[in-house]
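Student: Sequence and predicted structure, then a few things I'm wondering about:
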Amino acid sequence: MKRILAILLENEPGSLSRIVGLFSQRAYNIDSLTVGTTDDKTLSRITITTHGDDRVVEQITKQVNKLVDVLKVFDLTEVSHIERELLMVKVYARNEATRAAITRVSDVFGATIIDMGKQSYTLQLTSSSDKIENFLKMLCHESDLIEVVRSGSVGIGRGDKALRS
Amino acid sequence: MNEQYNGSELVVKALKDLDVQFIFGYPGGSVLDLYDALFEQTDIEHVLVRHEQAATHMADGYSRATGKTGVVLATSGPGATNCITGIATAYMDSIPMVVLSGQVPSNLIGDDAFQETDIVGCSRPIVKHSFNCRNAEDIPSILSKAFYLASSGRPGPVVVELPKDVLNPQIKFKYNMPAELEMRTYNPNTKGHGKQIKKAVEAILSAKKLVIYSGGGIILSNTSDKLTELVEKLNAPITNTLMGLGGISGSHPNFIGMLGMHGSLEANKAMANADVILALGARFDDRVTNNVSKFCPNAKIVHVDVDPTSISKTIQAHIPVVGCLDTVIEQILEGVSQSNVSIDRSAQEAWWNEITGWRAKNCLSYDTEKDKLKPQTVIEKLYEITNGNAYVTSDVGQHQMFAAQYYPFKKPRQWINSGGLGTMGFGLPAAMGVKVAFPSDDVVCVTGDGSIQMNIQELSTCLQYGLNVKVVSLNNRSLGMVRQWQDMLYGGRHSSSYMESLPDFVALAESYGHVGIRVDHPDELDDAMQKAFSITDRLVFLDIRVDESEHVYPMQIKHGAIDEMWLKKGVKA
């Protein structure tokens, strides 16, 4: 089962590698990983999407929590949450019919055209990972992909509370 | 108050303030300034080893015997990487240790400079935490954090990397040791959750077949007395892991022996038949459980550990309790006193009768031969001569298991071995570390002809510092445990498990300035041991030729349940 873990940790050199190292050392999966600073510059926030049964995920959460640099670990999939990922995709758009088809698919998914070349469109979509998968699948029906860049998921819980509190 | 110190002096001053008495290390280019600062003072004694791995094992042995944090100092590059095995050993057994490693100057880091290694990176999977020190002013606070982390919660090794420029004697700073440590991300749990304690107490008191299974956590948390009190209050049978031996006296009537791969039949049988298992500071290691899918099917498991990751990692706990054993055992004792559930004493009596039946099989009996010295006999003799009071360290292999089985340890911290990592070469330097702490006690390294050669160069350190340990080498001219597995599981094909060109260990010991005694025949053992222990001002190396065909029994049958065991060659329990 897919899980989204939100991790708050000290923004120190090497703290990211402790997280990544832990996952490879204990043979846990990382499906995506993003990291950035937070409003508190001394803290970083990592979002990891992973999968595994309840027992594995429980161990992952405990092991991450055990790292001295980690302030808090939270399994967002346990609560009501919002997940977003940024996709940028370059597709061939050689003729009018293809361009129209790409635009139609983009409109349906809410993607925008952010650049174009002589024979290509570059599209941007911010959405859940599921929807991005779907969008790419539909796009493939209309044209050939040149390049795909995905940011990996970030997530936040719904409601008034912050992860930190 | 305005005194100024350079980086190296800051390290030394901080170590003094953290009550460090001994450092085990080896100098080199990047730490010469620090060695110069050590030269200027007498409060901290530096012990110069012959290989950095031995420094880590010495610090480790020192720590295991005293409970204090062991300190290692090594230079950058090869000095630091030589520490890796010792760091991993300490990590697996949760031993508090601080390793100070040199590093090339900050401006050269990343340039593949001479003797540069990313030691923080290399050691990351085998440390509790690590620090790159980039500013000399931070040295006191980093070191105080390092010592706090190493020794609190579930203890473990901490690496501190000190680049050469940070230790520069030319630049001076104020000394700022923080009065209180503030670590917002680290709060080791101390107290067990009330509800969980209540559940645990109910399960323990309503058990008909209770077993207490305790591990190294009891030793590390100094809770042996409380454990014994609990055992007596409940009149429960207790088994120890290899790491937990000495947690209760080996001669206590409720002690049913070590459990696991080479544990006693009664301990493994009791586990397999228990209805409640109270696990205290143990981690259901694969050398205990055997096949996890067949593990103790009828038992409700109460698992107490300071480290939540140990709970339900290999075996699902029914009642998990996270907390320091010290407080949790007290909470349990209190709960037992206050509970209105009373122990079913007639069920308990029936349970003890069952256990007595297994005990009667006398699983540690072995056949003696007139002309062949049995390794078990050597350990029994060692026990007799030392009145069971020696500190015993061991290497890894058959001799380690014989020592664990045939030397019933009276008290915690008396038995020192590499249980988790299984590091050959651990025994001698660990014994030296113990001897540094307790110079007038008997310290014995039980080893074999394979293991001893993995750190034999330390015989030289022993001479330099007068570390008069006793080396009891069970010499079977082969890698006994490997050979045993080859006999039992590989059709007797002894692939690379024999030693064809062993040195003359007596002459070797003598060339290092020590006393060497060789024993070839059972009849010589008593005299040799008497002689060895009557010499107190020299190191004595006993090269004891034992029966090379001997196997360690009992032994769990591969892939079987915890109590499926070989009792002797070809005899199943």
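Tutor: Looks like it came in fine.
Student: hey, where'd the strands end up in chain A?
Tutor: Applying DSSP state E to chain A gives strands spanning A:2-10, A:32-37, A:43-51, A:70-75, A:81-92, A:112-116, A:120-127, A:145-150, A:154-157.
Student: Quick check: which element contains the residue in the stretch 351-500 of chain B that chain A sits nearest to?
Tutor: Taking Cβ to the nearest Cβ, chain A has its nearest neighbour within the stretch 351-500 of chain B at residue B:421, 14.9 Å off. In short, each C-beta sits where N, CA and C put it, glycine included. According to DSSP states H and E, residue B:421 maps onto no helix or strand at all.
Student: mind checking pLDDT for it?
Tutor: The per-residue pLDDT reported for residue B:421 equals 98.
Student: can I assume residue B:47 is in contact with residue B:437?
Tutor: No - applying Cβ atoms under 8 Å, one finds residue B:47 not in contact with residue B:437, separated by 11.3 Å.
Student: list residues touching both of the two?
Tutor: The contact sets of residue B:47 and residue B:437 overlap at residue B:22 (Cβ atoms under 8 Å, 6 or more residues apart in numbering or on different chains).
Student: right, and the strands of chain A - which one's nearest residue B:390?
Tutor: strand A:70-75 (42.8 Å; Cβ to Cβ).
Student: average pLDDT across the closest one?
Tutor: Across strand A:70-75, the per-residue pLDDT values average to 95.
Student: Quick one: list the elements packing against it.
Tutor: strand A:2-10, helix A:54-66 (3 or more Cβ pairs under 8 Å, 6 or more residues apart in numbering or on different chains; DSSP states H and E).
Student: Quick one: the ones you listed as CSV, columns for mean pLDDT, mean neighbour count and distance to residue B:522 too.
Tutor: Formatted as CSV, those follow (pLDDT from 0 to 100; neighbours: other Cβ atoms under 10 Å in any protein chain shown; distance: least, Cβ to Cβ, whole Å):
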stretch, mean pLDDT, mean neighbour count, distance to residue B:522
strand A:2-10, 95, 20, 61
helix A:54-66, 94, 17, 51
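Student: out of the ones you listed, which comes closest to chain B?
Tutor: By Cβ to the nearest Cβ (comparing all of those), the closest turns out to be helix A:54-66, at 4.5 Å.
Student: Pull the closest one out as PDB, backbone CA atoms only.
Tutor: The C-alpha trace of helix A:54-66 is given here as PDB (Å, rounded to 0.1, in the frame of the first residue of the first chain):
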ATOM      1  CA  ASP A  54       1.500  -2.200   7.900                       C
ATOM      2  CA  ARG A  55       4.400  -4.000   9.700                       C
ATOM      3  CA  VAL A  56       7.000  -2.600   7.300                       C
ATOM      4  CA  VAL A  57       5.600   0.900   7.400                       C
ATOM      5  CA  GLU A  58       5.500   0.700  11.200                       C
ATOM      6  CA  GLN A  59       9.200  -0.200  11.300                       C
ATOM      7  CA  ILE A  60      10.100   2.500   8.800                       C
ATOM      8  CA  THR A  61       8.300   5.100  10.900                       C
ATOM      9  CA  LYS A  62      10.000   3.900  14.000                       C
ATOM     10  CA  GLN A  63      13.400   3.700  12.400                       C
ATOM     11  CA  VAL A  64      13.100   7.200  10.900                       C
ATOM     12  CA  ASN A  65      12.000   8.600  14.300                       C
ATOM     13  CA  LYS A  66      15.000   7.000  15.900                       C
END
